[in-house]
Every structure is written in structure tokens, then in C-alpha cells.
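Chemist: Sequence first, predicted model second:
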Amino acid sequence: MSILVIAEHDNAALKSATLNTVTAASQLGSDIAVLVAGHNCGTVAQAAAKVAGVKKVLHADAPHYANQLAENVASLVVGLASGYSHILAPATAAGKNILPRVAALLDVAQISDIIKVESADTFVRPIYAGNVLATVQSKDAVKVITVRGTTFPAAASEGGSASIETVAATSDSGLSTFVGQQLTKSDRPELTAAKIIVSGGRGMGNGENFKLLEAVADKLGAAVGASRAAVDAGFVPNDYQVGQTGKVVAPELYVAVGISGAIQHLAGMKDSKVIVAINKDEEAPIFQVADYGLVADLFVAMPEMANELDKLKAAG
């Protein structure tokens, strides 16, 4: 079996979710190819070639691939599909944008957000916000799959020596146009790659109060996240959102501050190794999944936590 992994990148660097997807692919077979479609993205193709387990890198370079518009990338993938039994992509915004179109064009059923590979045609995926696990078997000739990266370890980014093969670009579909983007710039780790995350919910009261979380996050080298309620209220940008309709994370430590623990939020963070909850409501559902819970006013607890971290740093 040959497996095609669609690389996620920004034309300069390979995104970490691709490494997790390569691990999932390796559980299906050893003949793994990675497709790097972009513009002036030669460095990404070279990085993909070094990933352990990758046998070949397909490099497609054209201006209309610069922003990985789903219509253009899907057309390219469909043209390559006949040589592969499985087509995988990370279950990120990009992967969820491209692969449904690929599946439709191939007239096959997509298997979304898998967390386990049972066999070449059988996979496990969460449903009902992660409360139920469904085992899905596909008899389609080509399996089109998105992979939840947090449940697969990242493949080693060094050690591989894959060949790089240039593939011809398909024409610009003209069905969509990239208009622009607004990116939140931060020196903190990206949410899905962070080992520590400090998240706030509706209990933060307003966006200004998120500075209490940022002070602690900066001392821990952590990313800052938020519940959907906090995002919908306009406290923080949308890319902070953790949950079923946001980002799915599984850090070493997740600190939930002023978050009640709605099922939508739990679906995005309950696989965290250690969960700490701070909430003044002792009946909050978040305490049911937390490893450690503190019933306290966050406006008192967070400054105290920042002070204690300063003392630990000063003590060496």
C-alpha cells in the first residue's frame, strides 16, 4: 500500500501536525509520500524529505498554491490519487478544508478525525464531542482520512533521506481567491504545539483580565487559550479557542481558569496529561475531569500564582 500525506506548511516551514500525520501513515504501511504544494516552498520540501519514515516527497510549486486554496490543492491531489490507497491530512483547518473536496471528487466517503488505526481499512474516531468512539470500516478503493494529531506522536523531523520529485501543477481553478488574512502575532508557543497551556473562560469577565493569564503563561513558557464563550464574548481572538469547534490540544499541562467545563470545551482538551482547574464554583463540571482543582476567586489566585512562580525563579 502507498500512502500520500498532504503537508501543512506556510511556504517556509513544515507545520508540526504533518509529523503526527506521518506517524499515523506509518501504521498503515511503509511506502509514504508527502505532497508539498505551495509557492517558493523548496525549503519545506527539503524539510519533508528529512522526516523519518518518508520515502518520497512530491513537490508542486505554483503561484496559485501559495495559500493552499482547497479548490486548487484538491485538484492536484485527485490527479495523483490513482497511485495511492490512502490519502491523509492533519485534522486542522487546512486539512478539513481540502480533504472533503478530494473525497467528493473521488466519490468516496471521508473518514474524519481518526485517533487510532486498527487496520488498513478500519479506524477509530470520536463522535458526540468525544463521548463515544466509533470504529469505522471503509471499503472504498482510496481511503481519504483526516488525522487528529494530538493522539499520534510526532515523527522525527530528522533522520530521513527521501527523494524529492517535482510534479506538474494543475491549472488555477478560478473558483476562489485569496483576499487576505489577519494573524495574531505572539512570542508564545502555538496552541497545538505547546507543552503548557493556560486558558480562560467567561469567568475572566473581559479581555483586559486575560493579562492575568498572560503573566502566568509567560513565566511558564506557555500558550494562552480560551473557551468558546470567551471568544464569542470578544475577550480574545478566535485563534485562541480550544474546543470541538476550535483547536484540539493535548499538552503536558492544561490550566483552565474561569472555565465551567462545557462539553464543547472538554472535547478539545480532555486528553491533556495533567489538567488543573481554577473556578470559584465548586460544582463546575470542569472539576470532574481535572487532576487538580482549586475552588477560588481567579482574580486572587492568578496573581498569587504569578508571585509564587517569581519566588521559585528567584530561588533558582
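Modeler: That came through fine. Numbering: from 1, shown residues only.
Chemist: list the buried ones in the lengthiest helix in the chain?
Modeler: The residue-count maximum for a helix in the chain (DSSP state H) belongs to helix 298-315. Going by neighbour count (16 or more other C-beta atoms under 10 Å), the buried part of helix 298-315 is 298, 301-302, 305-306. Backbone N, C-alpha and C define where each C-beta goes, glycine included.
Chemist: Please render those residues as JSON lines that adds distance to Val36 to the earlier fields.
Modeler: Below are the buried residues of helix 298-315 laid out as JSON lines (distance: C-beta to C-beta, whole Å):
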{"residue": "Leu298", "distance to Val36": "44"}
{"residue": "Ala301", "distance to Val36": "46"}
{"residue": "Met302", "distance to Val36": "42"}
{"residue": "Met305", "distance to Val36": "42"}
{"residue": "Ala306", "distance to Val36": "42"}
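Chemist: Compile these into a markdown table and extend it with columns for pLDDT and distance to Ile278.
Modeler: Converted to a markdown table, the buried residues of helix 298-315 look like this (pLDDT from 0 to 100; distance: C-beta to C-beta, whole Å):
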| residue | pLDDT | distance to Ile278 |
| --- | --- | --- |
| Leu298 | 96 | 5 |
| Ala301 | 96 | 5 |
| Met302 | 97 | 8 |
| Met305 | 96 | 8 |
| Ala306 | 95 | 13 |
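Chemist: Got the phi and psi for Val236?
Modeler: Backbone torsions of Val236, given as degrees, to the nearest 10, read phi -140, psi 170.
Chemist: For it, which residues are in contact?
Modeler: 200, 207, 210, 224, 226, 230 (C-beta atoms under 8 Å, 6 or more residues apart in numbering).
Chemist: how about the nearest residue to the second one, chain neighbours excluded?
Modeler: The shortest distance from Gly207 to any residue other than its chain neighbours is 4.1 Å, reached at Phe235 (C-beta to C-beta, 6 or more residues apart in numbering).
Chemist: Pull the number of nearby residues for that neighbour.
Modeler: Applying other C-beta atoms under 10 Å, we find 21 other residues in the vicinity of Phe235.
Chemist: what sits against Ala290?
Modeler: Counting by C-beta under 8 Å, 6+ apart, Ala290 has contacts 256, 275-277.
Chemist: Lys185 versus Ala17, what's the distance?
Modeler: Plainly put, Ala17 is 20 Å away from Lys185 if you go by C-beta to C-beta, to the nearest Å.
Chemist: Give me the more crowded residue out of the two.
Modeler: Higher neighbour count among Ala17 and Lys185: Ala17, with 25 against 4, using other C-beta under 10 Å.
Chemist: pretty sure Ala33 is in a strand, no?
Modeler: Yes: under DSSP: H, G, I helix; E, B strand; the rest coil, Ala33 sits within a strand.
Chemist: where does Ala277 fall, phi/psi-wise?
Modeler: Main-chain dihedrals, Ala277, degrees, to the nearest 10: phi -120, psi 130.
Chemist: got it, and Glu283?
Modeler: According to degrees, to the nearest 10, Glu283 has phi -90, psi 0.
Chemist: Can you tell me how far it is from Ser272?
Modeler: Going from Glu283 to Ser272 by C-beta to C-beta gives 22 Å.
Chemist: Please enumerate the helices of the chain.
Modeler: Under DSSP H, the chain gives helices at 16-26, 42-49, 70-80, 93-106, 210-220, 228-232, 263-269, 298-315.
Chemist: Of all the ones you listed, which one is nearest Gln181?
Modeler: Nearest to Gln181 among the helices of the chain is helix 93-106; the distance by C-beta to C-beta comes to 11.6 Å.
Chemist: could you say what helices and strands that closest one packs with?
Modeler: Applying 3 or more C-beta pairs under 8 Å, 6 or more residues apart in numbering; DSSP states H and E, we find helix 93-106 packed against strand 2-6, helix 70-80, strand 86-90, strand 110-114, strand 143-147.
Chemist: list the buried ones in that helix?
Modeler: Neighbour-count burial for helix 93-106 flags 94-103, 106 (criterion: 16+ other C-beta under 10 Å).
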